[in-house]
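>>> heads up, no residue letters with this:
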C-alpha cells in the first residue's frame, strides 16, 4: 500500500511499529522531481546521504544525465529505506546555477576566472616558495567532514609525508572532536562502541545534549516506531530546549548551560550510592573506580540542583531510570561537545556505562555521535589531528609502522608535538607563522567562532588562501585561489557513518563545467609538487578512487579501523558494513568491546590520555603505570564553572545549534527549495517568561549582543529554559546583498558573530554554547511571524502564533512499506 506525505510538514513520515528485539521493518521513501514517475527513471545509482552523520543509504534517480530524485535503500541496515527531509530534497543543490565551474584567481583585488593550469601553477609556486623560505610549518590544510575516505587519506599523505607539516585538521574539530577525544580517554582509542541496532533492543535510551529528531531524523523514526510498538523504551532527555525528544521523554532535564559535569557526577553518585553497579565487569575491565567513587561522593542530587537549576527529585528520577535499565543505550552530541568541560562531561557518560557493564551487548550501547557524514573518515585517515589508522603520534613504533606503509623515513612524518588543531592553526595564521592555508569543503567565515576575527585573518595580505568548494562561499570570496570541486553524486568514493557503517557512493552524473573531484585535485597537486618516497618513486601511487581505497586498506591493516576485508564489489548492491572487516570478521562487526577492552594497552593504543582540566598530554610512562593491563579508564572530573558568566550587561546564556531543515552554512540546503522555504532566515528563541519580562512578542526583531559582536533576527517564543537564548548557526551572507559578511552599518546575521574564541582543553573543540549575551528590541514585528519552523524544537508556545511549516505539493514523498524486505532473514 503506497502512501504520500508532505515531508516538510511531517518530517518523520508514518509509523511502522515494531516491538523490542524485533528487526526494524522497512519503509521505502521516494521523492522525484515534478513530472517524473518511477517508470521514467533510466537508472538508479547507489549512494548514501552527505547532509548529516546518519549514513542513510539511497539510490539516485537519473534521466538523460540529470539527477531527478532519490529513494531509500530497503536492504540497508542503517535506514531500512527511510530518508529524512535533507536526504529527500538536498540533492537539488547540485544543479544550482551558481555552482563554481572554473577556477578563480585573485588579480588586482578581484577574483577572476582562469584555467586549471594557471590556478594550480599559482598554488604550487607559492607552496615551493614557502617550503624553501619558511619550511613546512608555514603551510596548513583545513578540511571538512564531507569528502570521501579516499580523498582524506590522499590529503593526509601529501600533507604529512609530502609537505611534512603538522598543520592538518578538519572542521570536525567544531562538531565531533570531543567524541573522538572521549573515546580515546576512556578506551585508549577512537571507534564507536555501539550500533544503531541497539535502538531495537534497549529498554532505556538516554540522549545527552542530542536533538536526535533534527540531527539524525531517521534514527528518531526508529525510536518513534519503537515507541509505537510492544515494550517501548523509556527516554531520558538532557537538553535546555523543548526538543521532540524532550516531549516524548519519561524524564526531561533542562540544566543551566555549562553544568553538564555537575549533573553527570550526580547521576554517577546516585548509581554508586544505590549499588547499581556491575562489580564483576568493573573489576575485570576497568581501572580508576576507587578514585571515581571518591570524587563523586559529595555530588548529591541536591548539590547538583543548586548548580544546574534542575529539581533534585528529577535528577534522582533520571538516575533511577539509567541505573535500573536492563539495557541502556546512551547517545551524545553537541549539547555536550560544544559546551564547557566538553570532554570531561562526555567521559562521565562513558563512566556510567562502564560501571553498569552496559557495553558490547544488544541494547547496551554507547554512541558518541558525529555531526557530519564523513567525520569518521576524517578521524580514521588522519585528516583531523591524528595519525592515520588511529596510530599514536607519541609511539615511535606506530610512526615507524606508518612510515613503512608510505615507504618514507619516520623522521619525514612530523611527530615532535601533537598534530595542530584548527583553532591553533588560525592563531598561527593570525600571528604570521602560517602563510598558506588550503581550505577544502568548509566555510570557516561562517562556521568558526568570533567571525570578525576570522574575516580579519583570512583577509591578510600575507596569508595565501586556497579554497576548494562547490560555491563562491563567504570564505571563497576571501581566497587567493578558488578551485571548483565536484561533490557527492558527481564522483565515486566510500564514507563511514557514526556507527562505523561503510557505504559506497557511486558517480551518477557528471560535475558541472570544469569542476573536479577533490581526489583528482589532490593527486594533481602531489604530482606537480613531485612528492617522492625514500626510494625515489612517487609518494602517492594510486590514481583513482578504487586504487586509493586499496591503499587505505593497507594502511588500516591490523588497526582498530581495519578495512582489509572490504572491497568496492562487496559494498555494491547490499547493505553498508560496519568496520572492522577482516579475516576474523568478514561480514563486519556490530559492536566493539563484546569481550573486554581491546585497544587500550600502551603498545597499541591511539592515545596516552590528557589532563581533562589543562589538556596536558600524559606520557607513555605515566600511562603504563596507571593502566598496565590495558583496561578501560574511569576518569573522574570535578565540576568547574564556565569561563564566561552572565552579568547585568549580558544576562542571558547564548547557545547555538542546528535546525532540521538546514545543514552547516546552508551552501547546499539553502539552495534546495523545500528545505529553504521551511527555514529561510535566522531567528532568535527565548522562553515565554523572558519574552514577557522584556515585553517582547513573537515576530519582533531583536538584537542579540555579546562582547564580540551582534546579530539580529525575528523572535520565536518557545518553551526554552528561562535565561537562555538560542540562535541557529546556519545563516551566513551568501544570499544577502553584501554576499560575504555583515553590512558595516548594521549587526550581522550569523550566530558566530557573537560566539567566544575558547575551546575545550582536551578535545580543542570550540565552545559554542556558553557565551553571555544581551537581548534587546529593535522593532515590533507587527503581523510578520518568526521564520522559525513550527514542527521542531522551535515550535511556538502558542500554536496560533505562526503559520504551520509545510512543504506543499512539491514536498510530497511516497512511502512504501516493504514486505519483501520484512521477510528476509538477514538484517545485518
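Happy to help now that I have it. What you see is a predicted model; the values in this text were computed from it and never measured.

>>> which SS state does residue 654 fall under?
strand (DSSP: H, G, I helix; E, B strand; the rest coil).

>>> could you measure from it over to residue 336?
Between residue 654 and residue 336 the distance is 17 Å, computed by CB to CB, to the nearest Å. Just so you know, the C-beta spots here come from the backbone N, C-alpha and C atoms, and that holds for glycine as well.

>>> do residue 639 as well
In this view, residue 639 and residue 336 are 14 Å apart by CB to CB.

>>> again, but for residue 529
As judged by CB to CB, residue 529 and residue 336 stand 40 Å apart.

>>> quick one: which of these two has more around it?
Neighbours were counted for residue 529 and for residue 336 using other CB atoms under 10 Å; residue 336 has more, 28 against 17.

>>> quick one: contacts for the more buried one?
Contact analysis of residue 336 by CB atoms under 8 Å, 6 or more residues apart in numbering lists 178, 208-210, 260, 342, 345-346, 349.

>>> redo the residues you listed as a markdown table? Include neighbour count.
Converted to a markdown table, the contacts of residue 336 look like this (neighbours: other CB atoms under 10 Å):
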| residue | neighbour count |
| --- | --- |
| 178 | 29 |
| 208 | 27 |
| 209 | 28 |
| 210 | 25 |
| 260 | 28 |
| 342 | 33 |
| 345 | 30 |
| 346 | 32 |
| 349 | 26 |
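
>>> what's the burial count for the closest residue to residue 494 other than its chain neighbours?
Nearest residue to residue 494 in three dimensions, chain neighbours excluded: residue 149, at 4.8 Å (CB to CB, 6 or more residues apart in numbering). Applying other CB under 10 Å, we find 25 residues neighbouring residue 149.

>>> and stretch 622-635, what's buried?
For stretch 622-635, the buried set under the neighbour-count rule, 16 or more other CB atoms under 10 Å, comprises 623, 626-627, 630-635.

>>> restricted to helices, list those residues.
Members of the buried residues of stretch 622-635 lying in helices (criterion: DSSP state H): 623, 626.

>>> redo the buried residues of stretch 622-635 as a markdown table? Include pLDDT and distance to residue 414.
Below are the buried residues of stretch 622-635 laid out as a markdown table (pLDDT from 0 to 100; distance: CB to CB, whole Å):
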| residue | pLDDT | distance to residue 414 |
| --- | --- | --- |
| 623 | 97 | 22 |
| 626 | 95 | 27 |
| 627 | 96 | 27 |
| 630 | 97 | 27 |
| 631 | 98 | 31 |
| 632 | 98 | 30 |
| 633 | 98 | 27 |
| 634 | 98 | 33 |
| 635 | 98 | 28 |
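
>>> can you add distance to residue 294 and give the buried residues of stretch 622-635 back as CSV?
Converted to CSV, the buried residues of stretch 622-635 look like this (distance: CB to CB, whole Å):
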residue, distance to residue 294
623, 21
626, 16
627, 18
630, 24
631, 19
632, 18
633, 16
634, 11
635, 13
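
>>> just give me the closest of the buried residues of stretch 622-635 to residue 800.
Using CB to CB, residue 635 comes nearest to residue 800 of the buried residues of stretch 622-635, at 49.7 Å.

>>> can I assume the closest one is in contact with residue 612?
Yes: using CB atoms under 8 Å, residue 635 makes contact with residue 612 at a distance of 6.4 Å.

>>> what is in contact with those two at once?
185, 347.

>>> first residue to last residue on stretch 407-417, what's the distance there?
Terminal residues of stretch 407-417 lie 22 Å apart, using CA to CA, to the nearest Å.

>>> distance between it and the chain's centre?
29 Å (CA atoms, centre = their mean, to the nearest Å).

>>> in it, which residues are buried?
For stretch 407-417, a neighbour-count test (16+ other CB under 10 Å) marks 408, 410, 412-415 as buried.

>>> once you drop chain neighbours, what's closest to residue 317?
Using CB to CB, 6+ apart and skipping residues adjacent in sequence, the residue nearest residue 317 is residue 251, 5.3 Å away.

>>> what do you get for residue 726?
Closest residue to residue 726 apart from its sequence neighbours, by CB to CB, 6+ apart: residue 685 at 4.0 Å.

>>> what of residue 268?
Excluding the flanking residues, the one nearest residue 268 by CB to CB, 6+ apart is residue 296, at 4.7 Å.

>>> check the residue nearest to residue 317 and give its pLDDT.
For residue 251, the model assigns a pLDDT of 98.

>>> for it, give me phi and psi.
Backbone torsions of residue 251, given as degrees, to the nearest 10, read phi -130, psi 130.

>>> against residue 345, how distant is it?
From residue 251 across to residue 345, the span is 18 Å (CB to CB).
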